[in-house]
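> model the structure of this input:
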Amino acid sequence: MKNPKHALIISIITFILGILCWIPNMFFYHPDNPPLFYLLTPLIGVFGAAVSATISNTFIRLMMIILNILIALSFAIIMFLGTLVFGV
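Alright, predicted model coming up:
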């Protein structure tokens, strides 16, 4: 990227978008018409981690990579914890 701040801004935006994808499922869930936005979290997280790899500051780069990977894995983490808590 030409401007190093663009990578940081895009990485932060993808992190926030990954969190926002969970809001319809957490607050507006309806079993007959479930929102499927949470299926976008792996795509958004991987894209954010890839963009984060181009950040020049090492600490910020590692922090944003870890946060975006957590967003990418959040689908599996939430489903696993939901299964542990509520059972099948």
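> quick one: buried residues of the helix or strand containing Ile71?
Here Ile71 sits within helix 58-86, counting by DSSP states H and E. Residues Arg61, Met64, Ile65, Leu67, Asn68, Ile71, Ala72, Ser74, Phe75 are the ones in helix 58-86 that count as buried (16 or more other C-beta atoms under 10 Å). Every residue, glycine included, has its C-beta placed from N, CA and C.
> ok, now which ones touch the last one?
Contacts were defined as C-beta atoms under 8 Å, 6 or more residues apart in numbering; by that measure Phe75 touches Tyr38, Leu39, Thr41, Pro42.
> give me the buried entries from those residues.
Among those, those scoring as buried are Tyr38, Thr41, Pro42 (criterion: 16+ other C-beta under 10 Å).
> need the residues you listed in JSON lines with pLDDT, secondary structure and distance to Ile19, can you?
As requested, those are exported to JSON lines (pLDDT from 0 to 100; DSSP: H, G, I helix; E, B strand; the rest coil; distance: C-beta to C-beta, whole Å):
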{"residue": "Tyr38", "pLDDT": "78", "secondary structure": "helix", "distance to Ile19": "11"}
{"residue": "Thr41", "pLDDT": "88", "secondary structure": "helix", "distance to Ile19": "9"}
{"residue": "Pro42", "pLDDT": "90", "secondary structure": "helix", "distance to Ile19": "14"}
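> what's the spacing between stretch 60-68 and its chain's center?
Computed by C-alpha atoms, centre = their mean, to the nearest Å, the chain-centroid distance of stretch 60-68 equals 11 Å.
> show me what contacts the residue most central in space within the chain?
The centre of the chain sits closest to Ile71, judged by C-alpha atoms, centre = their mean, with a distance of 2.7 Å. Listed by C-beta under 8 Å, 6+ apart, the contact set of Ile71 reads Thr14, Phe15, Gly18, Ile19, Thr41, Ile44, Gly45, Gly48.
> show me which of the residues you listed are buried.
Neighbour-count burial (16+ other C-beta under 10 Å) applied to these gives Thr14, Phe15, Gly18, Thr41, Ile44, Gly45, Gly48.
> so which of these sit within helices?
When the buried ones among the contacts of Ile71 are checked against helices (DSSP state H), the matches are Thr14, Phe15, Gly18, Thr41, Ile44, Gly45, Gly48.
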